[in-house]
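Colleague: can you look at this prediction? I've put the sequence above it.
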Amino acid sequence: MDYYSCDFYESASNWGVIMFFDDWNVHGFDRPMAIKFHRSGINPLPAVFMSSRGVTDVHDAKGLLSDSEDDIFDPFLLKDMDAAKDRIERAISCGERIAVFGDYDVDGMTASCLVKIYLASRGVDADIYIPQRTDEGYGMNRPALKLLAERGINLVITVDCGITSVDEVAYGKSLGLDFVITDHHECHDSIPDASAVVDPKRPDCAYPNRSLAGVGVAFKLICAMEFDKSPFDLLSEYGDLVAIGTVADVMPVTGENRTLIRRGLKRLQESPRPGLTALMAVANAPRTSINTAAIGFSLAPRLNAAGRMGCTQLSIDILLTQDKNEAERLTEELAKLNDRRRELESAIFCEVQSRIGDTSPRDPIVMSGQDWFQGVMGIVAARTSERWMLPSVMIYIDEDGIGRGSCRSYGCFKMYTAIEKCSDLLINFGGHEMAAGITIKQENIPDFRHRLAKEYHEQITSPPRRILRVDFEVEKPELLAIANVEALEGLEPFGHDNPAPCLSITGARIAQLSPVGGGKHSRLRIEKNRTMLDCIFFSASPEGIGIVEGALVDIAFEPQINEFRDRRSVQLHIFDIKPNRRK
Ligand SMILES: [Mn+2]
C-alpha cells in the first residue's frame with residue numbers, strides 16, 4: 001500500500017508537532033512462557049509478544065491467533081432480549097409501522113442502518129429517526145416522538161440511546177407509541193417502562209461483555225431474531241457496520257468485540273456495500289488492507305462530518321444505498337462537507353494558537369468565540385489538549401449569549417469532577433472524566449476559567465509527561481524476519497485497550513536518512529548486528545528528528561509488512577527515536 005497518499009496518516013500529521021516522548025516504559029516479556037508457546041507450534045514473534053501482553057495459557061494464545069464462534073455469546077443472555085424479539089416479531093406479523101430511533105454519531109448511524117437493513121430483509125420498510133446534533137441534541141425528545149406518532153408509527157426501536165429516557169417513553173406511550181430500547185450507555189436509577197430494555201450495563205443483566213457498542217447491541221438483537229443462523233453468517237452480512245460503529249465509539253478491541261471487528265473487517269475487505277466502497281476510495285484507504293486505524297482516522301471522521309455539519313441523512317444514505325453511481329455522488333458530497341469541516345476546524349484551531357502565542361500555558365485552556373462553529377468544538381478541544389498537554393474547554397457562544405462548551409481532559413485530570421465543583425456557574429453539564437459538555441452564560445466564563453485552573457492545580461501537582469509504552473526490546477533483529485512479522489499480523493485487529501505492538505531496538509546505527517512525501521516524513525535504514533532494517537517515520541522531517549546518518553540510536557516502532565509493486569518487505573513504523581543511551 002502507498003502510505004504517503006494515505007488519508008489517515010495525513011490527518012495524523014495535521015495534528016501538528018512531532019510527538020516525541022519524554023520517556024519509554026519498556027514492559028518486557030516472559031521468556032519461559034514465550035518458549036512454551038513457541039514449542040506448541042506458535043511462531044516466535046507472536047509467542048514473545050503474547051507472553052509480554054500477559055497471556056499465560058497455550059489454548060488462549062492459539063485462540064488469539066484465530067477466531068471462533070465460541071467468542072460470540074448467546075444473545076439471550078442479555079436481559080429482556082426475549083421480550084424484545086417477541087415484540088418485534090409481533091410488529092412484523094401484524095404489519096405495525098416501525099421507526100428506529102438512533103444517534104448522529106457513527107455508532108448510532110451504523111446501528112440505525114443495521115436494524116433498518118435487517119427489517120427490510122423481513123419485508124418491513126422502517127423509518128430511521130436521527131435527532132439533529134445542534135437543535136435537538138442526543139437521545140429521544142418529545143417533539144420527535146410526537147412527529148413519529150403523527151406519522152403513524154406504532155413501535156419505536158431505539159439504538160445507541162434510550163436507557164435514560166424514562167420521561168420521554170412515558171410521554172410516547174401516552175401518544176400510543178410502544179418501545180423496544182436497545183442501548184449501551186450507563187443506566188440511571190430507574191429504566192424506561194418499555195416492552196423491552198436491552199442494555200448490557202443494566203445492573204440485572206448477566207451478559208458477559210459489558211463493552212458492546214450501540215451497534216453491537218443492535219447486532220445481538222439481530223442474532224436473537226435470527227437465532228437459527230450462525231453468528232459468523234450474520235457477521236458476513238452485517239459485520240462491516242458492527243466493526244465501523246464499534247471502532248468509532250472507541251470500544252475495547254478485546255474478547256467478543258475483537259471477533260466482531262475481525263469478521264467485520266473481512267466483510268469490508270471482501271464485499272463492501274457500494275457506499276463503503278466509494279467512501280474507502282475517496283478516503284484513499286486501501287480496501288484490501290482496511291484496518292481499525294483506517295476506520296478510526298479516516299472513515300469514521302468522514303461519516304461523522306455529516307452529523308457535525310447538520311446533514312446526518314447524507315451518511316445514512318451512503319450506508320444504505322445499493323447503487324454504485326449514487327454511492328459515488330453521495331460520497332463526493334460528503335467529501336466536500338468534510339473539507340468544509342476541516343477548514344472550520346483549522347481556522348478555529350489557528351485562532352486558538354495565535355491567542356495562546358509562544359508562551360506555554362500552565363492553566364487549562366478555556367476559550368470562547370461567537371463566530372465559532374458548534375459542530376467542531378469537540379475536535380478543536382481535543383487538538384488543543386493534545387498540543388499543549390493541558391485540559392481544554394472550547395465554547396461556542398450563541399446570539400443570546402449562551403455558551404456551549406466541549407471539555408477535554410489531559411493525562412489523569414478528572415474533568416467531570418472538576419466541572420461538577422463549578423456547577424454553580426453552569427446552566428447544565430454532563431459527560432465523564434475524559435470528555436464533557438457544559439452550557440454556560442457568557443458572563444460566567446472568566447470565573448469558570450479561574451475556578452477550573454484552581455481545581456487543576458489542586459489535582460495535578462507535577463507537569464504531565466508523555467510516556468510511550470513499549471512491549472519489549474528486540475535483542476536480535478533477526479526476530480523481525482518477514483515470516484515472523486506476517487505471523488504477528490495474525491493477532492490483528494488491534495485498537496482501543498489492545499494497542500498495536502510497540503517494540504524497541506537499542507544501539508542501532510542510522511545507515512541512511514532521507515525525506516519522503518515532500519519532506520513531511522522520513523525514511524531510514526538502520527543497521528544492527530549486520531542486519532539492515534527499513535523504517536518510516538511519519539510526520540517527522542529529517543531535520544525535525546535532529547539525528548544524522550551514522551548516529552547510534554534507540555527506536556520504538558511497530559513492525560509492518562510493506563507492499564510496493566508486488567514486493568513485500570518488513571518496514572518499521574517508528575513512533576519515537578532517541579540517541580542511544582548506552583554508548
Ligand atoms: Mn454509542
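Modeller: Ah, there it is.

Colleague: next, count neighbours for Asn498.
Modeller: Around Asn498 sit 18 other residues, with neighbours defined as other C-beta atoms under 10 Å. In short, each C-beta sits where N, CA and C put it, glycine included.

Colleague: do you know how far it is from Met251?
Modeller: 11 Å (C-beta to C-beta, to the nearest Å).

Colleague: before we move on, what about His573?
Modeller: Noted for His573: a distance of 24 Å to Met251, by C-beta to C-beta.

Colleague: looking at those two, which is more packed in?
Modeller: The neighbour comparison of His573 against Met251 (other C-beta under 10 Å) goes to Met251, with 25 against 17.

Colleague: what sits against the residue of the stretch 51-200 of the chain found nearest the ion?
Modeller: Closest residue of the stretch 51-200 of the chain to the ion, C-beta to the ion: Asp107 (3.5 Å). Contacts for Asp107 (C-beta atoms under 8 Å, 6 or more residues apart in numbering) come out as Asp160, Ala213, Gly214, Val215, Gly245, Thr246, Ala248, Asp249.

Colleague: for the closest residue to Ala500 other than its chain neighbours, what are its contacts?
Modeller: In this structure, Ala500 finds its nearest non-sequential neighbour in Phe494, 4.1 Å apart by C-beta to C-beta, 6 or more residues apart in numbering. Each residue near Phe494 by C-beta under 8 Å, 6+ apart is listed here: Val253, Thr292, Ala500, Pro501.

Colleague: and Phe494, its phi and psi?
Modeller: phi -100, psi 170 (degrees, to the nearest 10).

Colleague: cool, Asp127 as well?
Modeller: Residue torsions, per degrees, to the nearest 10, at Asp127 are phi -80, psi 150.

Colleague: cool, and the one 4 residues further on?
Modeller: Dihedral angles phi and psi of Pro131 (degrees, to the nearest 10) take the values phi -70, psi 150.

Colleague: helix or strand for the nearest residue to it once chain neighbours are set aside, which one?
Modeller: Leaving aside its chain neighbours, Pro131 sits nearest to Ala144 (6.1 Å; criterion: C-beta to C-beta, 6+ apart). Using DSSP states H and E, Ala144 sits in helix 142-150.

Colleague: for that helix, buried residues please.
Modeller: For helix 142-150, a neighbour-count test (16 or more other C-beta atoms under 10 Å) marks Ala144, Leu145, Leu148, Ala149 as buried.

Colleague: using CSV, lay out those together with pLDDT and distance to Asn580.
Modeller: CSV is the format used below for the buried residues of helix 142-150 (pLDDT from 0 to 100; distance: C-beta to C-beta, whole Å):
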residue, pLDDT, distance to Asn580
Ala144, 98, 61
Leu145, 98, 65
Leu148, 98, 65
Ala149, 98, 70
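
Colleague: from Gly369, how far out is the closest residue to Arg451 other than its chain neighbours?
Modeller: Distances taken as C-beta to C-beta, 6+ apart place Cys422 nearest to Arg451, at 4.8 Å, with adjacent residues excluded. From Cys422 across to Gly369, the span is 20 Å (C-beta to C-beta).

Colleague: how about Arg404?
Modeller: Distance from Arg404 to Gly369, by C-beta to C-beta: 11 Å.

Colleague: give the residues shared as contacts by those two.
Modeller: Counting by C-beta under 8 Å, 6+ apart, the contacts common to Arg404 and Gly369 are Ile395, Tyr396.

Colleague: when these two are compared, which one has more neighbours?
Modeller: Neighbours were counted for Arg404 and for Gly369 using other C-beta under 10 Å; Arg404 has more, 21 against 17.

Colleague: now for the more buried one: which residues touch it?
Modeller: Gln374, Met377, Ile395, Tyr396, Asp398, Gly437, Ile438, Thr439.

Colleague: kindly reformat the contacts of Asp107 as a markdown table containing neighbour count.
Modeller: Shown next, in a markdown table, are the contacts of Asp107 (neighbours: other C-beta atoms under 10 Å):
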| residue | neighbour count |
| --- | --- |
| Asp160 | 31 |
| Ala213 | 28 |
| Gly214 | 32 |
| Val215 | 35 |
| Gly245 | 34 |
| Thr246 | 31 |
| Ala248 | 24 |
| Asp249 | 24 |
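
Colleague: need the contact list for the residue nearest to Pro131.
Modeller: Ala144 makes contact with Phe101, Tyr129, Pro131, Glu136 under the criterion C-beta under 8 Å, 6+ apart.

Colleague: what's the PyMOL syntax to select whichever of those residues are buried?
Modeller: Those of these that count as buried under 16+ other C-beta under 10 Å are selected in PyMOL with:
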select buried, resi 101+129+131
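
Colleague: redo the contacts of Ala144 as TSV? Include distance to the ion and secondary structure.
Modeller: Shown next, in TSV, are those (distance: C-beta to the ion, whole Å; DSSP: H, G, I helix; E, B strand; the rest coil):
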residue	distance to the ion	secondary structure
Phe101	13	strand
Tyr129	16	strand
Pro131	14	coil
Glu136	17	coil
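
Colleague: pull the most distant pair out of the contacts of Ala144.
Modeller: Phe101 and Glu136 (11.3 Å; C-beta to C-beta).

Colleague: from the contacts of Phe494, which ones fall inside helices?
Modeller: Thr292 (DSSP state H).

Colleague: Gly357: how many residues sit nearby?
Modeller: 8.

Colleague: mean confidence (pLDDT) on the lengthiest helix in the chain, please.
Modeller: Longest helix of the chain, by residue count under DSSP H: helix 324-356. Rounded to a whole number, the mean pLDDT of helix 324-356 is 96.

Colleague: flag every buried residue along it.
Modeller: Going by 16+ other C-beta under 10 Å, helix 324-356 has these buried residues: 326-328, 330-331, 334-335, 337-338, 341-342, 344-345, 348-349, 352-353.

Colleague: which residues in the stretch 251-400 of the chain form helices?
Modeller: 255-270, 274-282, 292-294, 300-308, 312-320, 324-356, 377-388 (DSSP state H, counting those that start in this stretch).

Colleague: and the second one with helix 300-308, angle?
Modeller: Using axes from the mean of the first three to the mean of the last three C-alpha atoms, to 10 degrees, the inter-axis angle of helix 274-282 relative to helix 300-308 is 110 degrees.

Colleague: show me what helix 274-282 is packed against.
Modeller: Judged by 3 or more C-beta pairs under 8 Å, 6 or more residues apart in numbering; DSSP states H and E, helix 274-282 is in contact with helix 300-308, helix 312-320, helix 324-356.

Colleague: show me the one of these that comes nearest the ion.
Modeller: helix 300-308 (11.9 Å).

Colleague: does the ion sit close to the closest one?
Modeller: No - shown here: helix 300-308 not in contact with the ion (C-beta under 5 Å from the ion), separated by at least 11.9 Å.

Colleague: can I assume Ile577 sits in a strand?
Modeller: Yes - judged by DSSP: H, G, I helix; E, B strand; the rest coil, Ile577 forms part of a strand.

Colleague: can you report how many residues lie near it?
Modeller: Ile577: 25 surrounding residues under other C-beta under 10 Å.

Colleague: just Lys62 next, same as before
Modeller: Lys62 has 15 neighbours, counted by other C-beta under 10 Å.

Colleague: find the nearest non-adjacent residue to the residue of the stretch 451-583 of the chain at minimum distance from the ion, please.
Modeller: Here the stretch 451-583 of the chain gets closest to the ion at one residue, His496, 13.2 Å apart by C-beta to the ion. Excluding the flanking residues, the one nearest His496 by C-beta to C-beta, 6+ apart is Val250, at 4.9 Å.
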